[in-house]
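*Asks:* turn this into a structure:
(one chain, ligands or ions: 2)
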Amino acid sequence: MLGWVKAGLVLSLVMVKVAGAMETNSCTQLMGNLALSRDPQALNEWARIQKEKAAHFLWRNLNPPGTTPGTVVASLSRANPDYWYHWVRDAAISNEPVLTFYLSSQNPAHKADSYRRLMDLAWLSMFQQSSNAIGGLGEPKFHVDGTPYRGPWGRPQNDSQALRATLFTRFAQGLLNEGKDAAVREMLYNSSTTSLIKRDLEDTARVWKEKCFDLWEEINGQHFFTLMVQRKALKDGASLARRLGDHGAADYYEQQVREMEGWIKDHWNPEKGYIDATRWRVDGIDHKHSGLDSAVILAAIKAGDGDHFFGVTDERVLATAHRLRQSFQQIYAINNRGQFGTLIGRYPEDRYDGYGTSGNPPGNPWPLLTVTFAELHYKLANEIRNREEFTITGVSLPFFQTIFPGDSRIHAGKVIRRGDELHAYVQARLRHEGDSYFLRAKYHANGDFSQHEQINRETGFMQGAETLTWNYSAELTALFERER
Ligand code: NOJ
Ligand code: NOJ
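*Replies:* Ligands and ions are numbered 1, 2, ... in the order given. Now for the predicted structure:
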């Protein structure tokens, strides 16, 4: 891995040189030119470099000096804001690309390094599971020595244990495919309810009907994102349980999945024309009136895939994406000052400016959510490619009209069939659209390509937690999708 990180460093030096050599033609301008030129080769080369950079920054935040093995700090920032903690959600999401590297790498040293990282996280997670945290297995936040944070906080956040279970279930399936059954039974899953994955699955099956805090740690209620990732955890968990002969558990998890689906569907609000992020709020901030939230798109990408339950081709998801884009295009002044892409934030009423909630201006666009929108477009292009046909509906039409303005071939009821001229054209346009979000997010990055949590909505400068770990895993998963 060291060699790899070094390769990243060398690459960054090369990039700085390139940027230096182009004094009049700054790096950010380069991105603008790329976005507008749409030269596929230049874009692919650019994407390759982004991947190296993102891996470099991600790895730097895994178990940095002074932390217990397995720890993923949310950011290197220790004050204003203090993100020097291990969030279960951030850790699970950030280890997704580590797992992808493990499963796909041909290089034995990289593979061994990723394996060790994942096993370290498994050990740490077991320690955390038995730590008597206030939020139980839904405890969101731990100190970097593995002990639970005991200060006041929005807890529990029950997406945490579900995301952890999903990560390790995918890891276990990969290990079983490699014949490493013993490691799986010893470290990840066996029929004992104290094994790592099963403990989280049992808890998820028990708590999903309970209200909890959302992924933004602000509202206590019932959340689309949380239910979606809980459903995926139980669904994938059931397959793993079955593969390992634990049929009773598999039946039980599948039963919960069926029950949850009705609850999830009720988040679609036909009057509003989008998916409501939260229902039945009981506590927490009260200024989130619209219910419009990028968490819905994150949910579609992370948990709607595979079996097409609220995935990226779902008309309701696309209608929600369209409304989000429209809203952020209006409220962020910075979005009216760029020629390409749209910067995306959490939700329109957001007041968290990266340091606190009294800031002026309030909530800002986030790189990781802008990149999530890139991934949405890449994924949609890939889904359309893999299908015999895809239908544009009245509900999804506005989403497509934004991408194909004035194109009379795009209308409600339009069926795009494999082999049609439109089939390839739509995919290519969607990829360009995805690139424009990605390039736009990076346009505002620091000179070394690192990124803070937020982008100031007026000036475009970085703000909030610097070098946020989640940024880099969001970039890597989007780039993996772009390559598919
Ligand atoms: C920190 C949380 O992590 C963030 O999501 C929230 O918006 C702010 N606190 C304000 O509550
Ligand atoms: C605030 C975000 O809202 C939350 O989702 C995240 O877990 C923490 N920051 C840590 O990155």
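*Asks:* quick one: whichever strand in the chain runs longest near ligand 2?
*Replies:* Taking DSSP state E as the criterion, the chain has its longest strand at strand 278-284. No. Judged by Cβ under 6 Å from any ligand atom, strand 278-284 and ligand 2 are separated, with a smallest distance of 12.4 Å. Quick note: C-beta positions are derived from backbone N, CA and C, even for glycine.
*Asks:* given that strand, what are its sheet partners and their directions?
*Replies:* According to DSSP bridges, strand 278-284 forms sheet pairs with strand 219-223 (antiparallel).
*Asks:* and whichever helix or strand comes after the strand it pairs with with ligand 2, contact?
*Replies:* For strand 219-223, the following helix or strand on the C-terminal side (DSSP states H and E) is helix 224-243. No. Helix 224-243 stays clear of ligand 2 (Cβ under 6 Å from any ligand atom), getting no nearer than 10.0 Å.
*Asks:* tilt between helix 224-243 and strand 278-284?
*Replies:* Interaxial angle of helix 224-243 relative to strand 278-284 (axes from the mean of the first three to the mean of the last three Cα atoms, to 10 degrees): 110 degrees.
*Asks:* can you point out the buried residues in helix 224-243?
*Replies:* Neighbour counts over helix 224-243 (16 or more other Cβ atoms under 10 Å) mark 224-238, 240-241 as buried.
*Asks:* mean confidence for the following helix or strand past that helix?
*Replies:* Using DSSP H and E, the helix or strand that follows helix 224-243 towards the C-terminus is helix 247-265. Regarding helix 247-265, the rounded mean pLDDT is 98.
*Asks:* who's in contact with Leu121?
*Replies:* Contact analysis of Leu121 by Cβ atoms under 8 Å, 6 or more residues apart in numbering lists 70, 72, 91, 95.
*Asks:* ok, now how distant is the closest residue to ligand 1 within the stretch 1-150 of the chain from Asp448?
*Replies:* Proximity of the stretch 1-150 of the chain to ligand 1 (Cβ to the nearest ligand atom) peaks at Pro81, 7.3 Å away. Distance of Pro81 to Asp448, computed by Cβ to Cβ, to the nearest Å: 21 Å.
*Asks:* again, but for Trp153
*Replies:* Per Cβ to Cβ, Trp153 is found 32 Å from Asp448.
*Asks:* likewise Tyr437?
*Replies:* 21 Å.
*Asks:* quick one, which of those two is more surrounded?
*Replies:* The neighbour count for Tyr437 versus Asp448, taken as other Cβ atoms under 10 Å, is higher for Tyr437 (27 against 14).
*Asks:* wait, that one sits on Leu368?
*Replies:* No. At 11.5 Å, Tyr437 and Leu368 do not qualify as touching, with contact defined as Cβ atoms under 8 Å.
*Asks:* with adjacent residues omitted, what lies nearest to Ile384?
*Replies:* Phe390 (4.8 Å; Cβ to Cβ, 6 or more residues apart in numbering).
*Asks:* residues near the one you found, how many?
*Replies:* Counted by other Cβ under 10 Å, the residues lying close to Phe390 total 21.
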